[in-house]
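Asker: Provided below for reference: sequence and predicted model.
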Amino acid sequence: MTLRRTIISELLTLAPQGQEVSVKGWVRTRRGNKHVQFVALNDGSTINNIQIVFDAALFPDDTLKAVTTGSSLHVTGTLVESQGKGQSVEIQAKTLEVYGTADPEKYPLQKKGHTLEFLREIAHLRPRTNTFGAVLRVRSALAQAIHRFFGERGFYYLNTPLITASDCEGAGAMFQVTTLDLNNLPKDEEGRVDYAQDFFGKPTALTVSGQLEGELGATALGQIYTFGPTFRAENSNTPRHLSEFWMIEPEMAFYDISDNMDLAEDFIKYCIRYAIENCRDDIEFLAKMYDNDLIERLEGILNNDFVRLTYTEGIKILEESGKKFEFPVHWGTDLQSEHERYLVEEHFGKPVILTDYPAEIKAFYMKQNDDGKTVRAMDVLFPKIGEIIGGSEREENYDKLLARIEALDIPMKDMWWYLDTRRFGTVPHSGFGLGFERLVLFVTGMTNIRDVIPFPRTPKNAEF
């Protein structure tokens with residue numbers, strides 16, 4: 001009978017009773033002397049390695065020649081109490097099978113320090129490092145937390161289209177989708193590209209948000225959430241921007257802005273708590289390597305109520321701060337990261353939810369306040385990140401929404417279906433969007449968003 005493989009995260013929790021075990025993984029390091037060799041093996045299930053002890057009497061030098069950093073092994077042996085420091089158990093090897101070798105002269109992940117910039121150039125291999133193994137396990141746990149949170153609260157998971165003819169944000173920074181021959185574009189009588197001959201018969205693009213379609217779901221199912229990739233063709237080469245990223249967008253019928261803020265705060269605390277409870281070893285490793293204050297900051301989120309104040313109050317605090325900002329601030333300006341972080345990190349020392357922004361700097365679909373100047377927007381601001389969630393109560397009044405669409409010259413032919421939700425049984429409703437990578441960035445303590453997604457897509461970069 002073939003011995004069943006046990007993953008390393010499970011092996012490390014077992015009490016050693018001389019049981020026979022089978023383990024498979026990749027070699028992190030090998031060291032030793034002419035009598036005994038020690039191999040640190042990792043299979044991706046945990047930040048921690050298991051030590052394999054090879055007795056020279058059973059495994060002479062020739063049999064271990066292929067066991068180098070990066071090679072993959074199958075080992076069977078006896079689980080025993082470890083004699084060394086740093087681990088409770090180890091395996092006394094009995095059999096060895098080398099699945100794949102890794103030439104020490106060519107394998108780029110040898111036992112030495114590597115810069116994050118270098119690792120981005122070999123994104124196909126960087127998940128094998130301790131850092132990126134930890135980041136990707138935390139990312140996976142957070143994705144699980146998202147589905148659990150909404151599932152426990154009776155939300156329905158809605159899949160919104162990736163290919164769309166509508167620009168939700170109205171910014172125009174969309175990746176066009178076409179099957180037309182770009183070297184021989186068909187033209188109409190006025191000399192413009194004839195999209196009638198394209199696959200969908202009209203201009204289409206990759207989505208920047210699933211929100212508008214999400215609202216359709218909420219006004220039928222009550223409360224839904226989306227969780228999928230979104231695309232922005234912004235030429236932003238910063239540590240906080242990606243061209244392809246994942247968004248979580250809940251939409252809720254019968255929610256006002258206060259309900260929306262409550263949900264956002266509960267949601268983000270739930271996700272952080274879940275990551276701490278399920279990825280403690282990984283988070284402790286990342287804190288040790290990159291951000292000593294990480295765990296204290298995460299626990300600070302859990303232990304504090306978020307501050308809630310209006311945009312107008314926030315502007316007053318910034319104007320009276322006496323701090324010289326790179327971007328001058330006054331009522332009507334769109335807040336920059338430096339303004340958001342000042343409010344969170346220096347003034348309040350805790351997360352802030354800013355509400356009631358000027359209508360001119362927010363999207364067309366946000367509910368207008370009675371003052372005629374502001375809308376019921378809400379942004380959740382976090383330390384080291386700035387805005388992590390953006391949302392609003394949606395404008396449910398047909399006439400007001402139509403007037404706003406016309407004022408912004410949004411083509412009505414693209415919005416008729418959206419307006420139907422206001423014509424037939426309209427209700428107060430709200431929602432928000434969370435950029436998944438910004439959440440992963442915050443929970444892992446990494447400083448560049450390119451390092452929290454397996455294969456980052458940025459301007460002039462679509463490798464792997």
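Answerer: That came in fine, so what should we check first? Residues are numbered from 1 along each chain as shown.

Asker: wait, L216 sits on F424?
Answerer: No. L216 is beyond contact range of F424, at 11.3 Å (criterion: CB atoms under 8 Å). For glycine as for every other residue, the C-beta is placed from the backbone atoms N, C-alpha and C.

Asker: show me which of the two is the more surrounded one.
Answerer: Legend: neighbour count by other CB atoms under 10 Å for L216 and F424, higher for L216 (17 against 9).

Asker: quick one: contacts for that one?
Answerer: By CB atoms under 8 Å, 6 or more residues apart in numbering, the contact set of L216 is W417, Y418, T421.

Asker: dump the residue contacts of S72.
Answerer: Each residue near S72 by CB under 8 Å, 6+ apart is listed here: K24, G25, W26, V27, V98, Y99, G100.

Asker: was I right about the fourth one contacting T68?
Answerer: In other words, V27. Yes. Look at V27 against T68 with CB under 8 Å: they come within range, at 6.5 Å.

Asker: measure the residue in the chain sticking out farthest from the centre to Q37 for me?
Answerer: The centre of the chain is farthest from one residue, A57, which by CA atoms, centre = their mean lies 49.2 Å away. Computed as CB to CB, to the nearest Å, the A57 to Q37 distance reads 12 Å.

Asker: and V177, how far is that from P186?
Answerer: 16 Å.

Asker: those two: who's more crowded?
Answerer: The neighbour count for V177 versus P186, taken as other CB under 10 Å, is higher for V177 (18 against 12).

Asker: spatially nearest residue to the more buried one (excluding sequence neighbours)?
Answerer: T204 (4.7 Å; CB to CB, 6 or more residues apart in numbering).

Asker: now do R450
Answerer: Using CB to CB, 6+ apart, the closest residue to R450 is P456 (4.0 Å).

Asker: tell me the contacts of the one you found?
Answerer: So P456 contacts R120, A123, L242, I449, R450 (CB under 8 Å, 6+ apart).

Asker: relative to F149, which of the residues you listed is nearest.
Answerer: Nearest to F149, judged by CB to CB, of the contacts of P456 is I449 at 22.4 Å.

Asker: excluding chain neighbours, what is closest to that closest one?
Answerer: Per CB to CB, 6+ apart, closest to I449 is E437, 5.1 Å.

Asker: what's around the closest residue to L119 other than its chain neighbours, how many residues?
Answerer: Distances taken as CB to CB, 6+ apart place R126 nearest to L119, at 4.2 Å, with adjacent residues excluded. R126 has 23 neighbours, counted by other CB under 10 Å.

Asker: can you check R137 too?
Answerer: Using other CB under 10 Å, R137 is surrounded by 23 other residues.

Asker: state the pLDDT value of it.
Answerer: Confidence at R137, expressed as pLDDT, is 98.

Asker: distance check, it against L408.
Answerer: For R137, the distance to L408 equals 43 Å [CB to CB].

Asker: buried set for the one helix or strand E277 maps to?
Answerer: Here E277 sits within helix 257-278, counting by DSSP states H and E. For helix 257-278, a neighbour-count test (16 or more other CB atoms under 10 Å) marks 257, 260-261, 263-265, 267-272, 274-276, 278 as buried.

Asker: just how off-centre is that helix within its chain?
Answerer: 15 Å (CA atoms, centre = their mean, to the nearest Å).

Asker: stretch 309-323 now?
Answerer: Relative to its chain's centre, stretch 309-323 lies at 30 Å (CA atoms, centre = their mean).

Asker: which neighbours do V27 and T68 share?
Answerer: Joint contacts of V27 and T68 (CB under 8 Å, 6+ apart) are A102.

Asker: can you list the low-confidence ranges for the chain?
Answerer: 1, 168-172 (pLDDT under 70).

Asker: just checking, V89 touches L79?
Answerer: Yes. Here V89 reaches L79: they are 5.6 Å apart, a contact under CB under 8 Å.

Asker: with neighbour numbers in mind, choose between those two.
Answerer: L79 (21 against 17).

Asker: I'd say that one and L11 touch.
Answerer: Yes. Assessed by CB under 8 Å, L79 is found in contact with L11 at 6.8 Å.

Asker: which neighbours do those two share?
Answerer: Contacts common to L79 and L11, judged by CB under 8 Å, 6+ apart, are V21, V89, I91.

Asker: now render those as CSV, adding distance to G210 and secondary structure.
Answerer: Formatted as CSV, the shared contacts of L79 and L11 follow (distance: CB to CB, whole Å; DSSP: H, G, I helix; E, B strand; the rest coil):
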residue, distance to G210, secondary structure
V21, 46, strand
V89, 47, strand
I91, 48, strand
